[in-house]
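Peer 1: model this:
(chains A and B)
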Amino acid sequence: MAESVVTDVAAALSADRGGRLLLLLLGAVAVFVPVLNVLPGDASFLHISGYTMTLTAKYMTYGMLALAVDLIWGYCGILSLGHGAFFALGGYAMGMYLMRQIGARGVYGNPLLPDFMVFLNWKELPWFWHGFQSFPYALAMVVLVPGLLALVFGFLAFRSRVSGVYLSIITQALTYALMLAFFRNDMGFGGNNGFTDFKDILGYDLQAEGTRVALFVCTALALMLSYALCRYVVASRAGRVIVAVRDAESRARFLGYRVEFYKLWVFVLSAILAGIAGALYVPQIGIINPSEFSPVNSIEIVIWVAIGGRGTLYGAVVGALLVNLAKTYLTGAFPSVWLYGLGALFIVVTLFLRHGVVGVIDQWRRFRLAGRAA
Amino acid sequence: MTHRRKCPALSALCLLLVASLAPVLRANEPVTADNPGLASLLAQLPEASYADKRDLVAKMVQSQDPKVRTVLRALLEDALYVRTSDNQVFVGEIDGDSVRLTDPLTGQAAGAVASDTISMIGVNNQLRKTLRVALAQFDLTSPDAAVRRAAVKEMLRALDTESQALLRSRLAGEHDAAVRSEIREGLALADLDSAEASTRFAAVRELSTSLNPDVYNRLSAMVQAASDGSYGEPDPAIRAAAQQSLRVIERYRNFYAAVQTLIYGLSEGSVFVLIAIGLAITFGVMGVINMAHGELMMLGAYTTYVVQLLMPNHIGLSIIVAIPAAFLVSGVIGIVIERGIVSHLYGRPLETLLATFGVSLILQQTVRDIFSANNRPVITPEWLAGSLQINDVLAITYNRLYIIVFTFGLFLALLAVLKRTRLGLQVRAVSQNREMAKAMGVRTAWVDALTFGLGSGIAGIAGVALSQLTNVGPNLGQSYIVDAFMVVVFGGVGNLWGTEVSGNALGAVNKLLEPYAGAVLAKIFVLVFLIFFIQWKPRGLFPQKGRHADG
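Peer 2: Predicted coordinates:
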C-alpha cells in the first residue's frame, strides 16, 4: 500500500516538470540555508542571517497556505475567502501549546495560567486549554480544529449547493466572525494581543540556533511533503473527478458522482494543510493575533495563487514567494507604494495574466519551441 | 394679582380710580409703560437693605408691569447696576472692560461705560430665593404656555407651603393640559409627605400615570421594607395603592422601552440598508461582485468633508450640498471602474471580485496619501444634533430619526428610478435577458456602465450619511463590506425590497441581542446566523422567481 503510494507520487511527479523543479529548489533551500546560517562567520559574504532564514521560513509557510488554496480554487473551483481562518486556527492551537510551555517564567510567574489570564484576574484555566501542555495533543488539535470546522462548514454549504460567489461571501463572513470573536478578551485567547513571548518548544529554547534550524528544515520538509500530497491527490482518480466538478458541476452530478462529497473532502484536506502551515508559522515568527483572521489577509492569499498561476500547484508556491518578497522589499523601501502595487497586481493579473507568472513562462517556452520546430 | 386676572371688570375700575387718585395709589397700581411707580421702586433699590429689597421686589411683582421681569431677572443674575453719577438703575451686559447699559424702563440702550463708573446691586441667597419664586409667579401668569410650564418646573424645585398654595390656586385657572399635569404631578409629589393619610392616598392614585423618574423612586421607597420591618409608608392601604400605581407605571415604562428598542433597531437597520442598497444594484441587479463598494462609500464621506472645507460658514447646508456631490464623485468613479475593469470580466465573477478588491486597495491608499491616514473631522450640523424628548422615559436622538427617514427616502427614490424611468426599464431588461434587450436596440454596454454608476453613486450618498455616524477614515469602507454583502444575500439577490426588509430585520435582531450579549457578540451571532441561513435558503429571503440552472 505504502509502496504503491510512493510509486503513484513518483509517477505523478514525473509528469510534472514545474513540480520537480520546485521540489529540487526546496530541497536545496532546506540544506543550504541552514548550513550557510551556521557555518560561515558573521562577516562572511556567504553567511545567511537568522533574520533571512526566519523570513524564508515564513515564505514557505505562506507557500503551503497558497498550495492549500490552489488545491480547492485551482482544481475544484471553490474560491475560499476565509482560508486565513484555518491558518490562524492552526497557529492558535500551536500558540496555546507554546503558552503552556512558558509555565512560571511569565511576567506574573503563575505556573498554570498564561499572563493574559492572570491580568484578566481569572482563577483557573478554561476547559479548552486543558491538554495543551502536551505536544502530541496540540499537534492533534492543529489538524483537528481546522479540519472539523471545514468539515461542518463544508458539509452544510456543499449539501445545500452554496457555490460560486455565495460561498466566497460566507467564507469571508466566517473569518470575519472569527476575527471579531478572537478580539474579545473573554474568549480566552488573549484578546487583541494574541499570544507572544514564547520560550521553548519540546524543551528546546526557541531562540537557540539549533532549534531555529530544526524548525526551518521541518518547514521546508512540510512544504515538500504537502506538495507531493497535493500532486498525488490531483493526479489520482478522485482528482480527476474534482477537476470535472470544477469544469461542469451539474454534468459531474448527472454522471453519478457525489459532487458534495468530493468537494467536502478536498475542502477539509485544504483546511488541514492551512492549519499545519499556521502551526509552523507561529513558533518561528513568535506571535499570533486575531488580525490573522482579517478578511483582507485571506484575499491576499488568493492573489498569491492568482499571480503564481492557479491550477498548477507549483505556481501557487511561486506566487506566494514572489508577492511576499515584493511586499517585504516595498513596505520597507516605499511604504505607500505597496498598496498601489498590490492593488494593481490584482487588476493586472485578473485582466491580463489569467494563468499567472508560470503561465507566462510556459507560453514563452512553447513559443520558443515552436520557433525551433519551424 | 391672580384675582385681578379673574376680574377684568374690577381692574378696569381700578384704572379709572388710578386716573383720578394717581399720586396716592401709584406705587401699588398697574400702570402702563412709563410707570413712575416702577421707576420710584427702582430708584429705592440701590440704597435698600436686603430686607427692604425683598419688600421692593414684592411690590414690583404686584405692579404687574411686564418690565419687572427684566429687572428681576437682571437682579438675580447680578446684572443690575446703578450709575454712580446720577443713581440711575440700568441692566448691564459686560463686554470686555466696559459694560453696555440698557434702561429697563424704556428698553433703550444707554451706551457702554467703564465698569468703575457703575456699581452692581448686590443680592444675598435669601433674596435670590425670593427672586426665583417671584419670577416664577410672574411667569405663571404669562400668556405663553411654555413659559408657564417652565415657571411651574422652577417652583417645584423648591416647594414650600406658600408656593404650594399658589400652584393650587393656579391650577383652577390653567387651561393648558401639559401645564396642568405638571402642576398636579408636582403637588401630588408634595402631598406624599402630608401627615393626612387620605391626602397621601389621593396623591398615590394621582401619580399612577406619571412617568417622572422621581415619582417612580418615591413610590418604590414607600413600598420598600426597611431592615427593621417598617415601611416608608405606614398605612397598608396606601402601600397597596402605591404598589398598584407602580405596576401601572412599569407597564408604561416597558411599553416605551420597547418603542425605544424598536426605533433603535430601525435606525440600526437603516444603516444596514444604507450600506447595502448600492450593492443591491451592482451585485443584486447586475451580478457584479464589487469589493470596492465600501471604498465608494468612503469617497462619499470624504466628499462631505471636502464640501465642509469649501463652505465653512454654511455647515448646516453642507450636508445637503454633499449629497449630489457625493453621488457624482462616486458615480463617476464607479463608471470608470466599470468601463476600465469590470466590463472586461463579465461572466467571470471570481475574477471580478479580485480585480475590484485591487481597486479598493488603490482607492484606500489614494485617500490615505491625499488626506493622511488619520480620521478627518466631519462636523454635525445643528439641525442633526440634539434629541426629541417625547416624555420622561422616551427620548430619541434626531440623527437616529433622520437616518430612518433618509434611508427610506433613498430606497423609494431608487425604486422609482428602477420602476418608472427609461433607464430603469433598460436596466431590468438587460438583467433579465441581455441578448433579447440587445436585439431590441438597448445599448447594453451603455446601460451596464450607467447601472454601475447608479449603484456606486448611491453608495456615495450612503457615505454622506455614514460621515455623520462614524469616523471618516481610509478604512471606513472596509468595515462595512462584509455586512453589506450579507444584507444583500440575506434579502435575496436582485430584489430591492428584500434588501430593505433584510437590513431592517438584521438591525432589529442586532439591537435586541445587544443588551444580553454586548455589541460584538451580537454581531458574531448575527453573522453565524446568516452563515447558517444561507445554507438553508441559498437564494435569500425573497428569491427571484423564474427558472435558472446552476453552472
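
Peer 1: Could you use CA atoms for every contact and neighbour count after this?
Peer 2: Fine.

Peer 1: What values do phi and psi take at B:I396?
Peer 2: As for B:I396, its main-chain torsions (degrees, to the nearest 10) stand at phi -120, psi 130.

Peer 1: ditto for B:V393
Peer 2: Listed backbone geometry of B:V393 is phi -110, psi -10, with angles given as degrees, to the nearest 10.

Peer 1: Could you report the neighbour count for it?
Peer 2: Close neighbours of B:V393, defined as other C-alpha atoms under 10 Å in any protein chain shown, add up to 15.

Peer 1: wait, what's in contact with it?
Peer 2: Applying C-alpha atoms under 8 Å, 6 or more residues apart in numbering or on different chains to B:V393 gives the contacts B:211-213, B:253, B:256-257.

Peer 1: please redo it, this time with the cut-off set to 6 Å
Peer 2: Contacts for B:V393 were tallied using C-alpha atoms under 6 Å, 6 or more residues apart in numbering or on different chains; there are none.

Peer 1: residues contacting the closest residue to B:A74 other than its chain neighbours?
Peer 2: Using C-alpha to C-alpha, 6 or more residues apart in numbering or on different chains and skipping residues adjacent in sequence, the residue nearest B:A74 is B:L80, 5.2 Å away. Taking C-alpha under 6 Å, 6+ apart as the definition of contact, the neighbours of B:L80 are B:74, B:90-91, B:120-121.

Peer 1: wait, which of these is closest to B:S49?
Peer 2: Of all the contacts of B:L80, B:S49 sits closest to B:I121, with 10.7 Å by C-alpha to C-alpha.

Peer 1: Hmm, B:A79 and the closest one touching each other?
Peer 2: No: because the distance of 8.0 Å does not satisfy C-alpha atoms under 6 Å, B:I121 is recorded as not touching B:A79.

Peer 1: Low-confidence ranges, chain B, go.
Peer 2: Under the criterion pLDDT under 70, the flagged ranges of chain B are B:1-36, B:64, B:545-551.

Peer 1: three-state assignment of B:S142?
Peer 2: For B:S142, the secondary structure call by DSSP: H, G, I helix; E, B strand; the rest coil comes out as coil.

Peer 1: Now name the helix or strand holding the closest residue to it other than its chain neighbours.
Peer 2: If you skip the residues right next to it in sequence, B:S142 has B:R148 as its closest partner in space, 6.1 Å away by C-alpha to C-alpha, 6+ apart. For B:R148, the element it lies in under DSSP states H and E is helix B:145-157.

Peer 1: That helix - contacts with which helices or strands?
Peer 2: Of the remaining helices and strands, those touching helix B:145-157 by 3 or more C-alpha pairs under 6 Å, 6 or more residues apart in numbering or on different chains; DSSP states H and E are helix B:125-140.

Peer 1: Centroid-nearest residue for the chain?
Peer 2: Unless you meant another one, I'm taking chain A. The structure's chain A has its C-alpha centroid closest to A:L65; by C-alpha atoms, centre = their mean the separation is 2.0 Å.

Peer 1: not quite, I wanted chain B
Peer 2: Ranked by distance to the mean C-alpha position of chain B (C-alpha atoms, centre = their mean), the top residue is B:S387 at 1.6 Å.

Peer 1: From A:A88, how far off is that residue?
Peer 2: Relative to A:A88, B:S387 is positioned 44 Å away (C-alpha to C-alpha, to the nearest Å).

Peer 1: Show me what counts as buried in stretch A:149-163.
Peer 2: Residues of stretch A:149-163 classed as buried under the neighbour-count rule (16 or more other C-alpha atoms under 10 Å in any protein chain shown) are A:149-151, A:153-159, A:161-163.

Peer 1: Good, we can wrap up now.
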